[in-house]
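> A predicted structure for the sequence below; I have some questions about it.
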Amino acid sequence: ASEPPLLELTGVRAGYGPIEVLHGVDLAVPAGSVVALLGPNGAGKTTTLNICCGLHQPAGGQLRLAGRDVTGASAEALARLGMCTIPERRGIFPNLTVRENLWMMSQAGTSLADLEEAAYARFPALGERRGQLAGTLSGGQQQMLALTRALGTTPAVLLLDELSMGLAPRVVRELYEIVGRLAAEGMSILIVEQFARTVLPIADQVALMLHGRIVDVGAPSEVEEILSASYLGA
Ligand code: ATP
């Protein structure tokens with residue numbers, strides 16, 4: 001008997017008011033693996049992530065964590081169970097310094113000293129800028145700070161929404177290198193991206209979403225052709 005996936009959605013339906021945008025989504029993140037959820041603008045990727053962390057409630061279907069049915073659980077309850085998301089808008093305080101942002105994060109229970117040590121070891125650029133206002137950091141450095149926040153809570157599943165948005169390709173590669181290292185440490189990760197190329201090297205599985213449905217799941221090598229044929233272009 002194989003163990004259940006760490007995170008599993010089955011037949012999830014959801015929408016906004018009378019409009020259904022997810023029409024029965026099946027998606028699984030096995031423990032210790034990286035799943036990339038790809039699809040064009042408006043496919044329903046963010047809605048899917050929001051359901052995983054309780055920010056949006058499904059109208060039907062089930063959400064399970066390590067086999068346990070957590071459908072309908074609040075965002076607070078799911079956060080306590082380790083569902084941690086980095087939103088597109090990053091969720092950091094632009095008018096506080098790097099160190100003050102870490103202090104805010106330490107209110108969740110980890111000591112500031114431990115957070116600083118871990119953050120600066122992982123992201124030396126943040127250490128060099130500990131006194132700088134977060135809003136004046138580069139986009140990539142802001143994502144490092146957002147990642148630190150997520151890691152401070154030792155997530156069971158790290159949910160990343162369009163990590164690469166608005167960032168230079170070099171920065172995206174750097175961030176994905178870090179995500180790849182987290183994956184190598186055994187973290188389970190669900191990554192939403194619109195464009196595939198940057199995320200393929202670190203993904204164990206790729207799920208392709210179109211119009212509120214998962215239309216394909218496979219290893220990156222298997223889906224690459226489908227991806228380019230369906231929407232990514234050559
Ligand atoms: P994007 O790459 O633009 O974030 P996405 O794949 O993440 O796209 P969603 O953001 O989940 O897609 O949106 C799916 C559909 O739901 C879209 O048609 C969108 O217009 C709609 N939608 C999203 N949020 C809301 C909302 N708060 N109210 C009404 N409709 C919404």
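Alright, I've got the coordinates.

> Give me the distance between the one residue sitting closest to the centre of the chain and the ligand.
For the chain, residue 160 is the residue whose C-alpha lies nearest the centre (C-alpha atoms, centre = their mean; 1.6 Å). In this view, residue 160 and the ligand are 12 Å apart by C-beta to the nearest ligand atom, to the nearest Å. In short, each C-beta sits where N, CA and C put it, glycine included.

> residues in contact with the nearest residue to that residue once chain neighbours are set aside?
Once flanking residues are discounted, residue 160 sits nearest to residue 191: 4.6 Å by C-beta to C-beta, 6 or more residues apart in numbering. Listed by C-beta atoms under 8 Å, 6 or more residues apart in numbering, the contact partners of residue 191 are 34-37, 160, 163, 179, 199, 203.

> hmm, back to that, now the residue nearest to the centre of the chain, what's its secondary structure?
Here residue 160 is recorded as strand under DSSP: H, G, I helix; E, B strand; the rest coil.

> Hmm, residue 98 and residue 131 touching each other?
Yes - between residue 131 and residue 98 there is a contact under C-beta atoms under 8 Å: 7.2 Å.

> okay, those two: which has more neighbours?
residue 98 (28 against 9; other C-beta atoms under 10 Å).

> Let me see the contact set for the more buried one.
126, 129-132, 134, 137, 145.

> Got phi/psi on it?
Reported as degrees, to the nearest 10, the phi and psi values for residue 98 are phi -60, psi -50.

> Tell me the confidence at it?
For residue 98, the pLDDT comes out at 94.

> residue ranges of the helices in this structure, please?
Secondary structure of the chain (DSSP state H): helices located at 45-52, 75-80, 98-106, 112-122, 124-128, 139-152, 169-184, 220-227.

> Name the residues of the longest one that are buried.
Residues of helix 169-184 classed as buried: 171-172, 174-176, 178-180, 182-183 (neighbour count, 16 or more other C-beta atoms under 10 Å).

> want to throw those residues into TSV with distance to the ligand and pLDDT?
Listed next are the buried residues of helix 169-184 as TSV, based on distance: C-beta to the nearest ligand atom, whole Å; pLDDT from 0 to 100:
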residue	distance to the ligand	pLDDT
171	19	81
172	16	83
174	22	80
175	18	82
176	18	86
178	22	82
179	19	85
180	23	87
182	22	83
183	22	86
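
> Pull up the per-residue confidence for the closest residue to residue 204 other than its chain neighbours.
Residue nearest to residue 204 in three dimensions, not counting chain neighbours: residue 33, with 4.2 Å by C-beta to C-beta, 6+ apart. Note on residue 33: pLDDT of 93.

> just checking, residue 33 touches residue 202?
No - applying C-beta under 8 Å, one finds residue 33 not in contact with residue 202, separated by 10.5 Å.

> Need the residues touching each of the two.
Shared contacts of residue 33 and residue 202, counting by C-beta under 8 Å, 6+ apart, come down to residue 183.

> ok now do the nearest residue to residue 41 once chain neighbours are set aside, which residues does it touch?
On the basis of C-beta to C-beta, 6+ apart, the spatially nearest residue to residue 41 that is not a chain neighbour turns out to be residue 194, at 6.4 Å. The contact partners of residue 194, taken as C-beta under 8 Å, 6+ apart, are 38-41, 45, 162.

> so how far is the ligand from the residue nearest to residue 160?
12 Å.

> Nearest to residue 12, out of the helices of the chain?
Proximity of the helices of the chain to residue 12 was assessed by C-beta to C-beta; the nearest stretch is helix 45-52, lying at 6.1 Å.

> who in the protein is up against the ligand?
16, 21, 39, 41-47, 194 (C-beta under 6 Å from any ligand atom).
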